[in-house]
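Asks: Predicted model and sequence follow; I will ask about them next.
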Amino acid sequence: MAPELSSPSSSPRYTVGYALLPEKVSSVVRPSLVALAADRGVRLVAVDVSRPLAEQGPFDLLVHKMYDRGWRAQLEELAARHPGVPVVVDSPGAIDRLLDRATMLDVVSGLRAPVSVPPQVVVSDAAADADELLARAALRFPLIAKPLAVDGSAESHDMRLVYRRDGVLPLLRAPLVLQEFVNHGGVLFKVYVVGDRATCVRRSSLPDVPAHRLLDLDAEPSVPFANISNQPLPPPDDDGGAADDDTPAAGFVDEVARGLRRGLGLHLFNFDMIRERSEEHGDRYFIIDINYFPGYAKMPGYEAALTDFFLEMLRGTRPVPEQLGPGSGLDMEARKLEPGLGIGLRELESGRAQA
Ligand SMILES: O=P(O)(O)O[C@H]1[C@H](O)[C@@H](OP(=O)(O)O)[C@H](OP(=O)(O)O)[C@@H](OP(=O)(O)O)[C@H]1O
Ligand SMILES: Nc1ncnc2c1ncn2[C@@H]1O[C@H](COP(=O)(O)OP(=O)(O)O)[C@@H](O)[C@H]1O
Ligand SMILES: [Mg+2]
Ligand SMILES: [Mg+2]
């Protein structure tokens, strides 16, 4: 039976645990989210990752973004012994693919929607001959050099825009991905996914690189940059003609988001999409980045979206992604959970829950 959640004074019926880094807690678990969730019967409780998970709870649902291997092992061990209780969103095995830029975008080739990934090559170790790899992959300059690992560190966002080969390759620190830069008018479409909702937000990006820049041997052969999408958007006149009403059609965004959700077996992520406009090819969309549990506070209405999602998962009214990712032994079925029946991990450990 569904809980009565309409009254603001009703006490919370469900407990959602969150295991997030402190910066993520302050950016996402804002008073506005805590209040809205409480209003609808959901209590948000921080998981103390320095303590054994089995000593905490009870949680009806657990959301998490931790890079620590020990934490991951705890989740997996628990899930192996007690599948489905509590509901864990999302599976560490499925999240792993997003923590390595070599595998992050593999899912895109399986999408039905007309979207692709810019050509790229992985330089896995410092001894690799990047010159030879570049020649073999036939990549065209400019390129973006991206660190392979996405591990929550500032370094994992240290990028370099590479205009030409001369003198640059020794500057690049492997392991990394070299990806073709695509001119896209300096505007990026960041699509936030929360279960089956997708919200597209326009964000700042790198400006186009004119062809003559590649031939200017007096200019720097490469430039470093980081976190460009957090810069303010250029005024409409300077952004290559893209305007507010020029965002991709909602149907297209939804289709891409749905395909990624199914292919990745994940509920909570965002992706960066850019659009190349050329006379030769018309409009072409590229996905360049997918982030697990991103900065949701930058998405309008995120409080309601997350709360609705929690309730849908708790009530078992939304299915898990149809195709679950490989290596995801922890993919758990959303299932009907009687309110207040959040089974304590400690109880599970001691076997009482089975009684
Ligand atoms: O990958 P990690 O290091 O975990 O960091 C993430 C990603 O960088 C996200 O996107 P991107 O990689 O495209 O910068 C960004 O969110 P947005 O994509 O919402 O900007 C998050 O911002 P905050 O959590 O808000 O700081 C940040 O926590
Ligand atoms: N292939 C590309 N073509 C054009 N711009 C790109 C490309 N890849 C990345 N960028 C730009 O660089 C920024 C950072 O790259 P991204 O792969 O999103 O890394 P991060 O995980 O640090 O956000 C993007 O937001 C975009 O502005
Ligand atoms: Mg990005
Ligand atoms: Mg990223």
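Replies: Ah, there it is. Residues are numbered from 1 along each chain as shown. Ligands and ions are numbered 1, 2, ... in the order given.

Asks: ranges for the helices of the protein?
Replies: Ranges of helices within the chain are 22-28, 31-39, 69-81, 92-96, 130-137, 211-215, 250-264, 302-315, 345-350, based on DSSP state H.

Asks: Minimum distance to ligand 3: which of the ones you listed has it?
Replies: Minimum separation from ligand 3 across those (Cβ to the ion) falls at helix 250-264, 14.4 Å. Just so you know, the C-beta spots here come from the backbone N, C-alpha and C atoms, and that holds for glycine as well.

Asks: nearest to Ala174, of the helices of the chain?
Replies: Nearest to Ala174, of all the helices of the chain, is helix 130-137, at 7.6 Å by Cβ to Cβ.

Asks: chain center to that closest one, what's the gap?
Replies: 30 Å (Cα atoms, centre = their mean, to the nearest Å).

Asks: Over to stretch 284-304?
Replies: Stretch 284-304 sits 7 Å away from the centroid of its parent chain (Cα atoms, centre = their mean).

Asks: ditto for stretch 74-90
Replies: On Cα atoms, centre = their mean, the centre of stretch 74-90 falls 21 Å from the chain's centre.

Asks: Regarding that stretch, how distant is the last residue from the first?
Replies: End-to-end distance for stretch 74-90: 14 Å, by Cα to Cα, to the nearest Å.

Asks: With mean pLDDT, distance to ligand 3 and mean neighbour count added, can I get the helices of the chain in CSV?
Replies: CSV is the format used below for the helices of the chain (pLDDT from 0 to 100; distance: least, Cβ to the ion, whole Å; neighbours: other Cβ atoms under 10 Å):
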stretch, mean pLDDT, distance to ligand 3, mean neighbour count
helix 22-28, 97, 16, 14
helix 31-39, 98, 23, 15
helix 69-81, 81, 23, 14
helix 92-96, 93, 16, 20
helix 130-137, 80, 22, 14
helix 211-215, 95, 23, 11
helix 250-264, 98, 14, 19
helix 302-315, 95, 18, 21
helix 345-350, 44, 35, 17
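
Asks: The ones you listed: which one's closest to Val108?
Replies: Proximity to Val108 (Cβ to Cβ) singles out helix 250-264 among the helices of the chain, at 7.7 Å.

Asks: Next, the residue in the chain positioned nearest to ligand 1: phi, psi?
Replies: Proximity to ligand 1, evaluated over the chain using Cβ to the nearest ligand atom, is greatest for Gly295 at 1.9 Å. In terms of degrees, to the nearest 10, the main-chain angles of Gly295 are phi -80, psi 80.

Asks: distance of it from ligand 3?
Replies: According to Cβ to the ion, to the nearest Å, Gly295 and ligand 3 sit 11 Å apart.

Asks: Spatially, what comes nearest to that residue if we skip its sequence neighbours?
Replies: Take Gly295 and drop its neighbours on the chain: the residue closest to it by Cβ to Cβ, 6 or more residues apart in numbering is Ser27, 5.5 Å away.

Asks: Cool, thanks, talk later.
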